[in-house]
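Chemist: turn this into a model:
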Amino acid sequence: MLESDSPSRRDDNQEHAGIDHVLSLLRRLRLNWLLRHFPSRLVRSLYVFVNGFLTIGILALLAFVTRNPFVFPSLGPTAYLLFFSPLAKASSPRNTIAGHAIGLVCGYGAFVLTGAGTIPFGTHPGIFWPRILAAALSLSATGALMALLDVSHPPAGATTLIVSLGIIARPRELIVIEVAVFLLVAQALLINRLAGLPYPLWKTPAQLMPAGESPE
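Modeler: Numbering: from 1, shown residues only. Modelled structure (predicted):
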């Protein structure tokens, strides 16, 4: 394996790219003076903070206005990935959108097949085996399908549990969740491109390469 192909080298490249696009945005906004007074890691953390606040804040406002679940727990780690490591394969629009879609389908399928919804969520019947089985089945199926289709996105594992455990399990709400994912990806595309980062429209450059080839 060439040194440039090693996982550690790729991680370093992504790290430097992440810092570079933050610096690019600061220059465009004429805020590069921050780097003369604060460490680059602190400035980058501020970048992640501001963008996470804005993106989730917009979706939270939309949820409040429409009374629909445009904000849900697994959206948080997705937002972190999209702004902390936007060039990572798991952060690409393809993996983000498809990963959550797989989680929703597997979660709802397990919820229905096991009868986990016969007792409303929030009640305490003791050990309720259908719900335990639904959680195990949904998570294992989600992981297997993401691996099979090569669309790994770790936060989707939380999405499938949210559905299979009955926290959010109405079909209409599942559509709203996927719409929220689309909106978050659109915000990430806008902000990361504004920062000068080549955030992909669908796949990362590595995913666009023919099988068997490696980046130079």
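
Chemist: can you tell me the element the most centrally placed residue in the chain falls in?
Modeler: Averaging the C-alpha coordinates of the chain gives a centre point, and the residue nearest to it by CA atoms, centre = their mean is Thr78 (2.4 Å). Per DSSP states H and E: Thr78 is located in helix 75-84.

Chemist: hmm, who's touching that helix?
Modeler: Residues outside helix 75-84 that contact it (CB atoms under 8 Å, 6 or more residues apart in numbering) are 18, 47-48, 51-52, 55-56, 59, 88, 90-91, 96, 100, 153-155, 158, 180-181, 184-185, 188, 191-192. All C-beta spots, glycine's among them, are computed from the backbone N, C-alpha and C.

Chemist: give me the buried entries from these.
Modeler: 18, 47-48, 51-52, 55-56, 59, 88, 90-91, 96, 100, 153, 155, 158, 180-181, 184-185, 188, 191-192 (16 or more other CB atoms under 10 Å).

Chemist: returning to that earlier point: which of the contacts of helix 75-84 fall in helices?
Modeler: If you go by DSSP state H, the contacts of helix 75-84 have 18, 47-48, 51-52, 55-56, 59, 96, 100, 158, 180-181, 184-185, 188, 191-192 in helices.

Chemist: now the helix holding Thr78: buried residues?
Modeler: Along helix 75-84, these residues count as buried under the neighbour rule (16+ other CB under 10 Å): Leu75, Pro77, Thr78, Ala79, Leu81, Leu82, Phe83, Phe84.

Chemist: ditto for stretch 109-127
Modeler: By neighbour count, and taking 16+ other CB under 10 Å as the criterion, the buried residues in stretch 109-127 are Gly109, Ala110, Phe111, Thr114, Ala116, Gly117.

Chemist: tell me which of those is nearest to Pro200?
Modeler: Proximity of the buried residues of stretch 109-127 to Pro200 was ranked by CB to CB; the top entry is Gly109 with 29.6 Å.

Chemist: from the contact counts, what lies against whichever strand or helix holds that closest one?
Modeler: Gly109 is located in helix 93-113, with elements delineated by DSSP H and E. When contacts are defined as 3 or more CB pairs under 8 Å, 6 or more residues apart in numbering; DSSP states H and E, helix 93-113 packs onto helix 75-84, helix 129-149, helix 156-164, helix 171-194.

Chemist: wait, Leu59 sits on Val179?
Modeler: No: when contacts are counted by CB atoms under 8 Å, Leu59 is not listed as touching Val179 (9.9 Å).

Chemist: pLDDT score for Gly117?
Modeler: Listed pLDDT for Gly117 reads 86.

Chemist: over to the one 10 residues further on?
Modeler: According to the predicted model, the pLDDT of Ile127 comes to 77.

Chemist: how about the one 4 residues further on?
Modeler: At Arg131 the predicted local confidence, pLDDT, stands at 92.

Chemist: likewise for Ser24?
Modeler: Ser24 carries a pLDDT value of 67.

Chemist: show the subsequent helix or strand relative to the helix or strand of the chain with the lowest mean pLDDT.
Modeler: Every helix and strand of the chain was ranked by mean pLDDT, DSSP states H and E. The lowest is helix 7-28, at a mean of 56. Moving toward the C-terminus from helix 7-28, the next helix or strand (DSSP H and E) is helix 34-37.
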